[in-house]
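Asker: heads up, no residue letters with this:
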């Protein structure tokens, strides 16, 4: 789907679209995940009611056989240099110990229907600052023994219908002037390396204006070597010089099982607490609505003080059936 913009902010997405109509024909990863809860989401849930990741009928090719404009291979690194609009499709990057895909000065890259898993480094898909507007969808991405993020990107970034699992630290890391659509993904068990810091989303860089829509994702976290937050919506640059524009966190299903599986599920950012650490100012309205939580393995759903003055509507505890405020 195109990433349309209006006045520099995210497009008016149809937030009632749960994604199942355009989902890949992939096996359902966790069909029984929600059966025991008193209250569960009424929509079709990614990874539970429909599968995500690489479609079942996809014939994958060896990453060593990749050819095309801008593409070069050195050891276990596949580079795309100085070429716009390169589409990487149906490639198995997990073979031969795994390969990292790197876009250098190559904007508007697209990665679809591909499998990633390295036996050493994470950082499976990287796009540098001169390679904005990355789209990653219908992929299965697992981490390695070290590294930071499964996906690292800038600009107008779309991450959807992926199965991201067993990663050392971050699932998605974005930087620069960024607009993000992050939806219809199944995200499992980050923080697999001791000393790392778990985040399903980490925003980096300074002087950043972000329009962020995080919707219809499913997360499942058990205790790993490292803990941390889930989706982190402050810009980690140490200066509070970034700005969030109308961030939306909606229709997500988040589960933490086991003691200290994670700290908090959403670390927002309060424009009314800019003197405090991790408090990126907000323009417009920040909303967290119609999310469903099992916080038994976490301290709670919302990092204390991080969603001050956010609009919080119908965020449900699936175990008790109560609205979380």
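Answerer: Arrived safely, thanks for sending. Owing to the predicted nature of the structure, the values given are computational and were not obtained by experimental measurement.
Asker: how about stretch 309-320: buried residues?
Answerer: Judged by neighbour count using 16 or more other C-beta atoms under 10 Å, the buried positions of stretch 309-320 are 310, 312, 315, 316, 317, 318. C-beta here means a position set from N, CA and C on the backbone, and glycine is covered the same way.
Asker: mind listing the helices in the chain by residue range?
Answerer: In the chain, no helices are found when defined by DSSP state H.
Asker: so where's the longest strand in it?
Answerer: Of all segments of type strand in the chain, defined using DSSP state E, the longest is strand 170-183.
Asker: parallel or antiparallel, list what pairs with it.
Answerer: Using DSSP bridges, strand 170-183 pairs in its sheet with strand 149-160 (parallel), strand 199-204 (parallel), strand 209-215 (parallel).
Asker: want to throw the buried residues of stretch 309-320 into JSON lines with pLDDT and distance to residue 160?
Answerer: Shown next, in JSON lines, are these (pLDDT from 0 to 100; distance: C-beta to C-beta, whole Å):
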{"residue": "310", "pLDDT": "91", "distance to residue 160": "24"}
{"residue": "312", "pLDDT": "95", "distance to residue 160": "25"}
{"residue": "315", "pLDDT": "97", "distance to residue 160": "22"}
{"residue": "316", "pLDDT": "97", "distance to residue 160": "23"}
{"residue": "317", "pLDDT": "98", "distance to residue 160": "27"}
{"residue": "318", "pLDDT": "98", "distance to residue 160": "23"}
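Asker: possible to save the residues you listed as CSV with distance to residue 45?
Answerer: Shown next, in CSV, are the buried residues of stretch 309-320 (distance: C-beta to C-beta, whole Å):
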residue, distance to residue 45
310, 23
312, 21
315, 16
316, 13
317, 16
318, 11
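Asker: taking the residues you listed, tell me the two that lie furthest apart.
Answerer: Greatest spatial distance among the buried residues of stretch 309-320 (C-beta to C-beta): 310 and 318, at 20.7 Å.
Asker: touching, residue 285 and residue 311? I think so.
Answerer: Yes. Using C-beta atoms under 8 Å, residue 285 is in contact with residue 311, at 6.0 Å.
Asker: turn the strands paired with strand 170-183 into CSV, columns for mean pLDDT.
Answerer: Listed next are these as CSV, based on pLDDT from 0 to 100:
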stretch, mean pLDDT
strand 149-160, 94
strand 199-204, 91
strand 209-215, 85
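Asker: any chance of CSV for the ones you listed, columns distance to residue 184 and mean neighbour count?
Answerer: What follows is the strands paired with strand 170-183, written out as CSV (distance: least, C-beta to C-beta, whole Å; neighbours: other C-beta atoms under 10 Å):
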stretch, distance to residue 184, mean neighbour count
strand 149-160, 5, 25
strand 199-204, 14, 25
strand 209-215, 8, 23
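Asker: and the ones you listed as TSV, adding distance to residue 38?
Answerer: Converted to TSV, those look like this (distance: least, C-beta to C-beta, whole Å):
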stretch	distance to residue 38
strand 149-160	29
strand 199-204	25
strand 209-215	23
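Asker: tell me which of these sits nearest to residue 232.
Answerer: strand 199-204 (4.7 Å).
Asker: that closest one: how far from the chain's middle?
Answerer: Distance of strand 199-204 from the chain centroid (C-alpha atoms, centre = their mean, to the nearest Å) equals 8 Å.
Asker: not counting its own residues, what contacts it?
Answerer: 149, 169-175, 178, 180, 182, 187, 190, 210, 212, 214, 217, 219, 228-237, 242, 280 (C-beta atoms under 8 Å, 6 or more residues apart in numbering).
Asker: what does stretch 87-98 contact?
Answerer: Here stretch 87-98 has contacts from 58-64, 66, 76, 78, 80, 99-101, 109-121, 124, 142, 144, using C-beta under 8 Å, 6+ apart.
Asker: same question for that stretch, mean pLDDT?
Answerer: In this model, stretch 87-98 carries a mean pLDDT of 95.
Asker: neighbours of the closest residue to residue 201 other than its chain neighbours, how many?
Answerer: Spatial nearest neighbour of residue 201, chain neighbours left out: residue 231 (4.6 Å); criterion: C-beta to C-beta, 6 or more residues apart in numbering. Other residues within reach of residue 231, judged by other C-beta atoms under 10 Å, total 27.
Asker: and what of residue 244?
Answerer: So residue 244, with other C-beta under 10 Å, has 23 neighbours.
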